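1. sharing a model that was predicted from the sequence below.
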Amino acid sequence: MSKFFSRLGALIVAVSLCANAGAQSSCTHEFAFSYGLGSTSGFVAVSASVIAAIFGATIDYSFIGPVAGEYFCHVSDLVGVGAVASVAAFKDKASPAEPAMTCVALLPGVKLDWLRREHFGMYSKLCAGAAYLTNPGAKNDTEDGKAQAGTLFFNFQASLLGAEFGGGVRGFVEAGVGEQGFVVGGVRFRF
């Protein structure tokens, strides 16, 4: 079984290299801005609602984001290294006076452009790093007692399939799982 997966992996790499052999890519840098649906921090907020409901409380969250910015530098036609920074906010509709719970994440990562053409590309992306989630209901033990408590935790983004369309400015969509969401869309600037 392991031989099968080894051969399949080698075949995928070989096909990727052959597909990119005629690529019209001269870009080495790219910036992207995106909006996603279904982030891991959103899952944490929804989980809090479920736990609250078990104990008789109701929390009805409105979600904003995640909104993300990313930068990748291509060290080859196939591989780019960079990072994703994202922000998401969750507000309890029943408590408008309370501040929103926010999640800020910084995720270094690798992008594999397995099909790269002048006006079209397909890729996969894997990022992992840290996220900070504020908790407006809890307070830190500070002198004035007004600082919000928060949690630092591991977070990731694994975009299994991404497709981009255009020239120097490209629209893109991704499907995956993680802090950017399970569906991500945005615009990418290549130079």
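-> On my side now, so go ahead. Note that the coordinates shown come from a computational prediction; the quantities given were computed from them, not determined experimentally.

2. sec struct for A97, please.
-> Of the three states, A97 takes coil under DSSP: H, G, I helix; E, B strand; the rest coil.

3. that one and A88: what is the separation?
-> Computed as C-beta to C-beta, to the nearest Å, the A97 to A88 distance reads 21 Å. For every residue, glycine as well, the C-beta is placed using N, CA and C.

4. any idea of the pLDDT on the residue lying closest to T28 once chain neighbours are set aside?
-> Among residues not flanking T28 along the chain, H74 sits closest, at 5.0 Å (C-beta to C-beta, 6 or more residues apart in numbering). H74 is assigned 93 on the pLDDT scale.

5. what bridges to H74?
-> H74 forms beta bridges with G80, as assigned by DSSP bridges.

6. ranges for the strands of this protein?
-> Using DSSP state E, the strands of the chain run over 29-37, 61-74, 79-92, 101-116, 120-139, 148-166, 169-178, 183-190.

7. for F43, which of these is the nearest?
-> F43 lies closest to strand 169-178 among the strands of the chain, at 9.7 Å (C-beta to C-beta).

8. picking up where we left off before, is it possible to get TSV of the strands of the chain that adds distance to V46 and mean neighbour count?
-> Shown next, in TSV, are the strands of the chain (distance: least, C-beta to C-beta, whole Å; neighbours: other C-beta atoms under 10 Å):
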stretch	distance to V46	mean neighbour count
strand 29-37	13	18
strand 61-74	7	18
strand 79-92	9	20
strand 101-116	12	20
strand 120-139	13	17
strand 148-166	16	17
strand 169-178	15	18
strand 183-190	16	18
